[in-house]
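>>> Fold the following, please.
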Amino acid sequence: MHAIEKILALASGKSQVSAGEIVTAEIDVAEVNDLYLQVVKSFYELGGTEVKFPDRTTFVFDHYSPAPTIKAADNHRQMREFCKKMGIKALFDIGKGVCHQVLIESGFVSPGSLVVETDSHTTTLGALGAFGTGVGATDMALILRNGSLWFRVPEVMKIVLDGELKPGVMAKDLILHVIGKLKQDCAIYKCVEFAGSAVDAMSIDERLVLCNMSVEMGAKAAYIQPDEKTYAYLARYGIQHAKREVFTDPDYRYSAEYHYDVGTIEPSTALPGSVDNLALVREQEGIHIDQIFIGTCTGGRLNDIETAARILRGKKVAQGTRLVVIPASEVVFKQALAKGYVQTLVEAGAVFSTPGCGPCLGAHEGVLASGETCLTTSSRNFPGRMGSTEAKIYVVSPATAAASALSGTITDPRSNLSK
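You can find the predicted model right below:
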């Protein structure tokens, strides 16, 4: 069995499962974000009276944090009351950050765990050897009531990234390249495993980017085989895991394999309208940018902020361009403060906002107007995603975002490496 199959087998009390099989699996961690008051409503509509595993249930206020509207504020109020009534202690209120990052930092994620959230980018957690997937309100309500959910065991496809990254190229460029080549429907209800020497060499922050955007290919889950980097990273947050051999997958036969030499990949962008509309940054240079956004579960970790600070240190954001930076979590924000990255970016002209999702979904903290063009390190760029349907959104790496902030136009970050 593949590691993903082993996780589902263990969670469903089976010794063996295979792709296509339907299983009912006990959930290790369930997370509800503040978009989904409907979870609470559905819980009661389904006859729920108490949460099955309150110690495994978390609520994270990240999409509307702090509340930008009266309705959002009332949703928060009702969720706080629900948590208190049900004995759910893991309520992460405003300012704690994006759900995936918060769960990692709070010790809820470990290799082999089965984590379900009301957010499609839960695939992020595969970078730590977990099975992470998103569900809707009704499924989550059932999880809160029963502690389990049915799954169809997914096929596993493998993406092998070998070689050495060229300067100025980040994990975001790699995953944009892969999505651009394979397209948005290539991994529907599959698990995407990432492997290869380039993945081995990556920091965990960068691996998280690969798994995060697997859902943009339709993936049910993502996976990177845990290694010493994984365990060292998790140890920072108090997670130890003894059964390391359970979650490896030697000799597994994949439903499909794709191989890429990362040394041939350049800084890339997804053109407005679709995340698989791939282009090279150097081909788009000179386009004026009204707003640049560095943040979210895709591009707001310490590595991303450090990259931007390194490029912008001692320089200024171009007149006529706004640079909004939102750390993925309070922990990341404090780390960036301690290392001086926040000061560097503020002095360059960046504006920092509360850790959370913010403008990624067009909620607040940087919504786009009609006719504006935005460069974002987030994950999606369909019309209306960050505000007006008449705005244009380019998805890029933090390096490209920072380099473009200096010029006010789309700029290949490699042009700044020698400066």
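>>> What segments of the stretch 151-300 of the chain are helices?
For the stretch 151-300 of the chain, applying DSSP state H, counting those that start in this stretch gives helices covering 171-182, 197-201, 204-212, 228-235, 296-299.
>>> And these: which comes nearest residue 5?
Residue 5 lies closest, by C-beta to C-beta, to one member of those: helix 204-212, at 17.5 Å. Every residue, glycine included, has its C-beta placed from N, CA and C.
>>> now the lowest-mean-pLDDT helix or strand in the chain and helix 204-212, what's the angle there?
Here the helix or strand of the chain ranked lowest by mean pLDDT, DSSP states H and E is helix 228-235, holding a mean of 92. Computed with axes from the mean of the first three to the mean of the last three C-alpha atoms, to 10 degrees, the direction of helix 228-235 lies at 100 degrees from that of helix 204-212.
>>> residue ranges for the strands of the stretch 101-250 of the chain, please.
With DSSP state E, counting those that start in this stretch as the criterion, the stretch 101-250 of the chain has strands at 114-117, 131-134, 148-152, 155-162, 190-195, 221-223.
>>> Among those, show me which one is buried the most.
Looking across those with neighbours counted as mean count of other C-beta atoms under 10 Å, the highest average goes to strand 221-223: a mean of 31.
>>> For that one, give the mean pLDDT please.
Here strand 221-223 scores 98 as its mean pLDDT.
>>> ok now it, how far from the chain's centre?
Distance of strand 221-223 from its chain centroid, counting by C-alpha atoms, centre = their mean, to the nearest Å, is 12 Å.
>>> List the neighbours of it that are in contact with it.
Here strand 221-223 makes contact (C-beta atoms under 8 Å, 6 or more residues apart in numbering) with 3-4, 123-124, 126-127, 129, 131-133, 154, 156, 191-194, 210-212, 214-215.
>>> let's see it at 7 Å
With contact meaning C-beta atoms under 7 Å, 6 or more residues apart in numbering, strand 221-223 is reached by 3-4, 123, 126, 131-133, 154, 191-193, 211, 214.
>>> next one: stretch 295-302
With contact meaning C-beta under 7 Å, 6+ apart, stretch 295-302 is reached by 98, 100-101, 121, 124, 172, 205, 208-209, 212-213, 294, 325-328, 332, 335-336, 357-358, 360, 377-379, 398.
>>> Ok, stretch 201-208 next?
124, 127, 170, 171, 199, 224, 229, 230, 233, 301, 302, 303.
>>> Can you tell me which of these comes closest to residue 364?
Nearest to residue 364 out of those is residue 301 (C-beta to C-beta; 21.2 Å).
>>> Look up the closest residue to that closest one, ignoring the ones flanking it.
Once flanking residues are discounted, residue 301 sits nearest to residue 205: 4.6 Å by C-beta to C-beta, 6 or more residues apart in numbering.
>>> swap in residue 371?
Using C-beta to C-beta, 6+ apart, the closest residue to residue 371 is residue 390 (5.8 Å).
>>> For that neighbour, give its distance to residue 372.
Distance, residue 390 to residue 372, using C-beta to C-beta, to the nearest Å: 8 Å.
>>> What count of nearby residues applies to residue 77?
For residue 77, the neighbour count with other C-beta atoms under 10 Å is 12.
>>> Residues touching the helix or strand harbouring it, excluding its own?
Per DSSP states H and E: residue 77 is located in helix 70-86. Applying C-beta under 7 Å, 6+ apart, the contact partners of helix 70-86 are 34, 37, 40, 50, 51, 54, 59, 61, 64, 67, 91.
>>> What residues sit buried inside it?
The neighbour-count check on helix 70-86 (16 or more other C-beta atoms under 10 Å) flags 72, 75, 76, 79, 82, 83, 86 as buried.
>>> going on from it, what's the next piece of helix or strand?
Helix 70-86 is succeeded, C-terminally, by strand 90-92 (DSSP H and E).
>>> Good, we can wrap up now.
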